[in-house]
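**Q** build the 3D model from these lines:
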Amino acid sequence: MASSFEQMRANVGKLLRGIDRYNPENLATLERYVETQARENAYDLEANLAVLKLYQFNPAYFQTHVTSQILLKALTNLPHTDFTLCKCMIDQTHQEERPIRQILYLGNLLETCHFQSFWTSLEENRELIDGITGFEDSVRKYTQVKVWMNKYGWTENEEGQIFIYNQEESVKPKNIVEKIDFESVSSIMATSQ
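**A** Residues are numbered from 1 along each chain as shown. You can find the predicted model right below:
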């Protein structure tokens, strides 16, 4: 099965390189590819953005289910900005539709680190992630990294690199006070003259 997915990825890659990227006749192939990504626990941002762009150009072809899958796959790629990018390519009226609105809410909870609310809301809406293989594991990895970052003061730069707070950065001076009586020092002073 992996080889058929790789073949499909190669075919879609060829489609996306040329002017066919914006051909609405290729939308069915791209939508099947999105469903294959969900089933095979794979991810291809460029292909998913092409689908959303075709929906922008051809609103009559808009598929709520496919758009939901794209948004959920983008959530599995947090902390990258894929989710925000995909969200911005969806028309406001479609963002108000029930499954998309719920996914956007889940995404907001994750991006603002409200993890407990996220898991509660996801449990109440399990049907959203039906058919998205590996969704919970991917989100769990993201949430664990964020929890560790907050707990230990780790930081992330603009390129997405995480800097681990190390011991050298947290060195605190310590005053050491020793009490020495004059008799113990007088013998040392006498020999140093």
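**Q** so where do the strands sit in this protein?
**A** For the chain, applying DSSP state E gives strands covering 155-156, 162-163.
**Q** burial count for residue 29?
**A** Residues contacting residue 29 under the criterion other CB atoms under 10 Å number 15. For every residue, glycine as well, the C-beta is placed using N, CA and C.
**Q** contact partners for it?
**A** Counting by CB atoms under 8 Å, 6 or more residues apart in numbering, residue 29 touches 11-12, 15.
**Q** which of the residues you listed has the largest number of neighbours?
**A** That'd be residue 12 among these, by other CB under 10 Å, with 22 neighbours.
**Q** my read: it touches residue 47, true?
**A** Yes - Residue 12 is in contact with residue 47 according to CB atoms under 8 Å; the separation is 5.2 Å.
**Q** where do the contact lists of those two overlap?
**A** Counting by CB under 8 Å, 6+ apart, the common neighbours of residue 12 and residue 47 are 30, 33.
**Q** closest to residue 149 among the contacts of residue 29?
**A** Nearest to residue 149 among the contacts of residue 29, counting by CB to CB, is residue 12 at 34.5 Å.
**Q** didn't residue 8 look like it was pressed against residue 33?
**A** Yes - the pair residue 8 and residue 33 qualifies as a contact (CB under 8 Å) at a distance of 5.9 Å.
**Q** C-alpha coordinates for stretch 89-103, CSV please?
**A** The C-alpha coordinates for stretch 89-103 follow below in CSV (Å, rounded to 0.1, in the frame of the first residue of the first chain):
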residue,chain,number,x,y,z
MET,A,89,-7.7,30.2,2.4
ILE,A,90,-11.3,29.2,3.5
ASP,A,91,-14.1,31.7,2.8
GLN,A,92,-15.7,33.1,5.9
THR,A,93,-19.1,31.6,5.0
HIS,A,94,-17.6,28.2,4.9
GLN,A,95,-15.8,28.8,8.2
GLU,A,96,-19.2,29.1,9.8
GLU,A,97,-20.3,25.6,8.7
ARG,A,98,-20.6,23.1,11.5
PRO,A,99,-17.6,20.7,11.1
ILE,A,100,-15.2,23.5,10.0
ARG,A,101,-16.3,25.8,12.8
GLN,A,102,-15.6,23.0,15.3
ILE,A,103,-12.2,22.2,13.9
